[in-house]
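*Asks:* pasting the structure only:
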């Protein structure tokens, strides 16, 4: 009808839908390729501490939301941060978790990553300051094409709903596990956290 404002609104909506479709196609293609490659997974020693340090550097100054990635290492670890697996797959899983955390974090906030040792497992906890997880069955967030949490008001989500599913797929292929929890402080919801457990190398 010639209304410029309405035209602009619909063009923006179309662009966002196209971006979401592209994300779905890309992530689904990655997922199918990963399923084939992980069936023949070659195990090598992967230094998780160094991998996390590299990821933190990659994100440093990159996010337009000015989000700081803070890495904390427990004193009980010493040099025991080696796991068996494929570095690029593990990196992809962690990237997916970080991308999710950044997406739902407010501007100028901090995403805190802690690394600790529990029995024969290395535990990586990635905690954000977003809206938390309102889903009653938190396990649902790892299902294919499942999206959750409201995106920040200043952007429209283009999530494919596959990122966390791919992350779990990779972690479980490495004989580890991943779960999500809400962060509660003084009785208030302050964000969400993802806990990844990977078995440490028996040769370490």
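*Replies:* Thanks, I have it. These numbers come from a predicted model, not from an experiment. Residues are numbered from 1 along each chain as shown.
*Asks:* show me where this protein has its helices.
*Replies:* Assigned by DSSP state H, the helices in the chain fall at 4-38, 48-59, 87-104, 163-173.
*Asks:* so which of those helices is nearest residue 118?
*Replies:* Of all these, it is helix 48-59 that lies closest to residue 118, at 13.6 Å by C-beta to C-beta. The C-beta positions use only the backbone N, C-alpha and C, and glycine is treated the same way.
*Asks:* from the contact counts, what lies against that closest one?
*Replies:* Helices and strands touching helix 48-59, by 3 or more C-beta pairs under 8 Å, 6 or more residues apart in numbering; DSSP states H and E, are strand 68-73, helix 87-104, strand 110-118, strand 121-127.
*Asks:* which parts of the longest one are buried?
*Replies:* Taking 16 or more other C-beta atoms under 10 Å as the basis for neighbour counts, the residues of helix 87-104 that come out buried are 87, 89-98, 100-104.
*Asks:* hang on, the earlier thing: okay if I get the helices and strands packed on helix 48-59 as TSV plus mean pLDDT and distance to residue 6?
*Replies:* Below are these laid out as TSV (pLDDT from 0 to 100; distance: least, C-beta to C-beta, whole Å):
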stretch	mean pLDDT	distance to residue 6
strand 68-73	89	39
helix 87-104	89	28
strand 110-118	92	38
strand 121-127	95	41
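*Asks:* nearest to residue 3, of those?
*Replies:* Checking the helices and strands packed on helix 48-59 against residue 3 by C-beta to C-beta gives helix 87-104 as the closest, at 31.7 Å.
*Asks:* I'd like the distance from that closest one to the chain centre, please.
*Replies:* From the chain centre to the centre of helix 87-104 is a distance of 4 Å (C-alpha atoms, centre = their mean, to the nearest Å).
*Asks:* just give me the longest strand of this protein.
*Replies:* The strand spanning the most residues in the chain, taking DSSP state E as the definition, is strand 188-199.
*Asks:* tell me what angle it forms with helix 87-104.
*Replies:* If you take axes from the mean of the first three to the mean of the last three C-alpha atoms, to 10 degrees, strand 188-199 sits at 180 degrees to helix 87-104.
*Asks:* picking up where we left off before, any idea which of the helices and strands packed on helix 48-59 gets closest to residue 170?
*Replies:* That would be helix 87-104 among the helices and strands packed on helix 48-59, by C-beta to C-beta, at 4.0 Å.
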